[in-house]
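J.: 3D, please:
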Amino acid sequence: MDQYIGTKIIEAVPAVRKGGKVYDLTWPIPRSMEPEEPGYRVRYQDGYESWSPKDVFERAYLPLHVNPDLKTDSPSVSQKMVDEFITKTEVTTMGVKTTVVRAVLRNGFEIVESSSCVSPENYDEELGAEICLEKIRDKVWFLLGFLLQTAVYGI
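T.: So this is what the prediction gives:
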């Protein structure tokens with residue numbers, strides 16, 4: 001099972017519920033007229049297992065990806081997690097030498113960063129946006145690290 005962050009770390013696997021029974025997608029699923037409901041089979045740290053509908057689960061949990069650049073398989077924040085947590089960005093030029101980037105995160109939180117150059121003739125919106133996005137990614141990495149620390153060790 002893959003790991004996910006909510007307010008605690010859980011394990012989960014995509015599954016379907018059919019006729020009141022839960023089947024992992026890798027298991028044989030019996031043919032019948034009963035509808036299949038997509039979701040996840042969830043296992044909590046104490047071993048308790050439950051079912052969660054797909055839309056409910058995906059709003060509540062963030063997938064954990066092992067960071068291949070680290071020396072441990074312990075839960076960690078990866079670049080993929082950071083990139084996928086940023087769902088939308090808007091780039092604006094203000095005045096003649098300032099770039100402002102607004103990023104909307106998966107949970108609706110917004111981060112705004114700006115960059116500016118000294119001389120308007122050196123202004124490049126694309127470069128300014130990349131500088132802002134780097135700052136935003138650093139903040140998201142920090143925030144996800146805080147979330148993961150809370151999930152692993154509690155409050």
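J.: can we go C-alpha only for contacts and neighbour counts from here?
T.: Will do.
J.: roughly how far apart are the most far-flung residue of the chain relative to its centre and residue 129?
T.: Most distant from the centre of the chain: residue 121, at 38.4 Å, with distances by C-alpha atoms, centre = their mean. Note on residue 121: its distance to residue 129, by C-alpha to C-alpha, to the nearest Å, is 17 Å.
J.: likewise residue 62?
T.: From residue 62 over to residue 129 the distance is 26 Å, taken as C-alpha to C-alpha.
J.: So for the two, which sits in the more crowded spot?
T.: residue 129 (24 against 18; other C-alpha atoms under 10 Å).
J.: wait, what's in contact with the more buried one?
T.: 91, 99-101, 115 (C-alpha atoms under 8 Å, 6 or more residues apart in numbering).
J.: can you name the two of those that are farthest apart?
T.: The span of the contacts of residue 129, defined through C-alpha to C-alpha, is set by 91 and 115 at 11.2 Å.
J.: Just give me the residues shared between the contact sets of those two.
T.: 99-100, 129.
J.: which ones among the residues you listed are found in strands?
T.: The strands, defined by DSSP state E, take in 99-100 from the shared contacts of residue 91 and residue 115.
J.: element containing residue 103, please.
T.: strand 98-105 (DSSP states H and E).
J.: Show me which positions of the longest helix along the chain end up buried.
T.: Scanning the chain for the helix with the most residues, using DSSP state H, yields helix 125-153. Judged by neighbour count using 16 or more other C-alpha atoms under 10 Å, the buried positions of helix 125-153 are 125, 128-129, 131-133, 135-137, 140-141, 144-145, 147-148, 150-151.
J.: any idea how far that helix is from the chain center?
T.: Centroid separation for helix 125-153 versus its chain: 12 Å, with C-alpha atoms, centre = their mean, to the nearest Å.
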